[in-house]
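Engineer: test case, fold it:
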Amino acid sequence: MTSSQPEHAATIEARVRCALLRESLALVARGVATPGAVDTVVRTTVGRRLSVAGPFAIWEQIGWDLVQVIVGELVREISNATTTLDALDTILASASVATPVETDGADSGAAKSVQRVAVVGAGLMGHGIALEFAAAGRDVYLHDISSELLTQAVDRARVGLQALALTRQLSDADVNAALGRIRTTTELRECANAADLVVEAASENRELKQRIFGELDVYAPAHAILASNTSTFLPSSYASTTSRPAQVIGIHYFNPPHLLPGVELIRGPATSDQTAATITALYRALGKQLAPLNGEIQGFIGNRLQAAVLREAIAVVEDGLGSPAEVDAVVSAEIGRRLPDAGPFAQASAAGAYATRALLEEHLPLLSNKREIPGLLRQKVKAGELGVKVGQGFYSWTPESAEAWRRHMSDALLDLAARLDIPTTA
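Structural biologist: Numbering: from 1, shown residues only. All right, here's what the predicted structure looks like:
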């Protein structure tokens, strides 16, 4: 991958930066997120990845066919504003811009203790969620449909725990103790029947998740909270299959979950204050940085911001301002490098309302407002050039280069964690 800067680097930077800020402003203006929540998501998840690699390289890892589905839904919803929002000055002056997000307003005194956690789905996200709970002293039951998948998950958990040891100063004994707290099973009833909290991390399929939640409602104790790590579906869509919607909540991690400290909390219409307080207290004890949403919205905060960045990155390429590799280089070097330290609102506040308004007024009319899947993305999918999984996308990949990319991302995130995150014990 080239690190050269294209002739139009300044324009690329301005357009992508404005696309990120436009959607950030829209989320706050709609009342579903505070500036602090948006900045928390960016600083602790999306921005950290963008400081390492650009949007094209990042999305290549999961495949453009899946991206087409995700982005296809969100481009119909994300902001298309062509003028500066009237609320800009008020938003930038808000005290919450500089206030860390730790609770969602629920009474922390109502929180219940969580000592036993069940994780349903031992794949890409599930094993990372499980190892983090185990490292924090919780007993974990990990479920998947086959013993082979569970064995692979425990092996990945061991690698993840050893990585955490680099930033959290875990000893070999701590790593072994955490692994000892993870039990596995292919039986959902066995996984859930003693849990205080169940975190569902199965495949992104609505019918599958609804079926799992219906079964968990039967198997889990009456006091247990049922949560989903889904990045796609709203809590109301899976809470409806249970008899305990007040104890259902969305807990959206980002990949890799044990290396990115940010977590989005999504309350459904029926989620109780006690459920929110319990989850808030638990995740603060784990050292996670929380970004609560003030209601249900498709894509939450992080995925809407990522969709906005990708739509504009593709538009910049389609406008002939740079290649995907050149856009990636500009985004990671000029935009991403600042984001782990300061989110879009903190940066805008530091620059001042006048300068921020001038930037937006100059570039908002130039931004993509397409409501359909970008043509460049459709072409890639039609050609079967889906990214890493087939060896060709906007980049060419071999198994060795794909593994090197993942290792580079992991190492860089570990370095960021060592610099930015304060180790905690629970």
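
Engineer: hey, let's count contacts and neighbours off CA atoms from now on
Structural biologist: OK.

Engineer: give me the pLDDT value at Ala106.
Structural biologist: Confidence at Ala106, expressed as pLDDT, is 55.

Engineer: ah, wrong one, I meant Gly72
Structural biologist: 87.

Engineer: quick check: it vs Gln61, distance?
Structural biologist: Plainly put, Gly72 is 18 Å away from Gln61 if you go by Cα to Cα, to the nearest Å.

Engineer: just Gly320 next, same as before
Structural biologist: 24 Å.

Engineer: look at these two and report which has more neighbours.
Structural biologist: Between Gly320 and Gln61, counting by other Cα atoms under 10 Å, Gln61 is the more crowded of the two (17 against 9).

Engineer: who touches that one in this structure?
Structural biologist: 387-389 (Cα atoms under 8 Å, 6 or more residues apart in numbering).

Engineer: let me have those in JSON lines, extended by secondary structure, neighbour count and pLDDT.
Structural biologist: What follows is the contacts of Gln61, written out as JSON lines (DSSP: H, G, I helix; E, B strand; the rest coil; neighbours: other Cα atoms under 10 Å; pLDDT from 0 to 100):
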{"residue": "Gly387", "secondary structure": "strand", "neighbour count": "26", "pLDDT": "98"}
{"residue": "Val388", "secondary structure": "helix", "neighbour count": "24", "pLDDT": "98"}
{"residue": "Lys389", "secondary structure": "helix", "neighbour count": "17", "pLDDT": "96"}
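
Engineer: tabulate those residues in JSON lines, adding columns for distance to Glu334.
Structural biologist: JSON lines is the format used below for the contacts of Gln61 (distance: Cα to Cα, whole Å):
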{"residue": "Gly387", "distance to Glu334": "24"}
{"residue": "Val388", "distance to Glu334": "25"}
{"residue": "Lys389", "distance to Glu334": "29"}
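
Engineer: what's the closest of those residues to Glu204?
Structural biologist: Nearest to Glu204 out of the contacts of Gln61 is Lys389 (Cα to Cα; 18.1 Å).

Engineer: for the closest one, which non-adjacent residue is spatially closest?
Structural biologist: Nearest non-adjacent residue to Lys389, counting by Cα to Cα, 6 or more residues apart in numbering: Gly63, 6.7 Å away.

Engineer: just the buried positions in the strand or helix carrying Gln347, please.
Structural biologist: Using DSSP states H and E, Gln347 sits in helix 344-351. Using 16 or more other Cα atoms under 10 Å as the test for burial, helix 344-351 gives 344-349.

Engineer: ok, the residue nearest to Lys389 touching Gly387?
Structural biologist: Yes: in this structure, Gly63 is within contact of Gly387 by Cα atoms under 8 Å, at 5.2 Å.

Engineer: thinking again about what came up before, looking at the buried residues of helix 344-351, which is nearest Gly31?
Structural biologist: Comparing these against Gly31 with Cα to Cα places Phe345 closest, at 15.3 Å.

Engineer: report the contact partners of the closest one.
Structural biologist: Taking Cα under 8 Å, 6+ apart as the test, what Phe345 contacts is 21, 35-36, 38-39, 92, 97.

Engineer: and stretch 290-298, how far out from the chain middle?
Structural biologist: A distance of 12 Å separates the centroid of the chain from that of stretch 290-298, by Cα atoms, centre = their mean, to the nearest Å.
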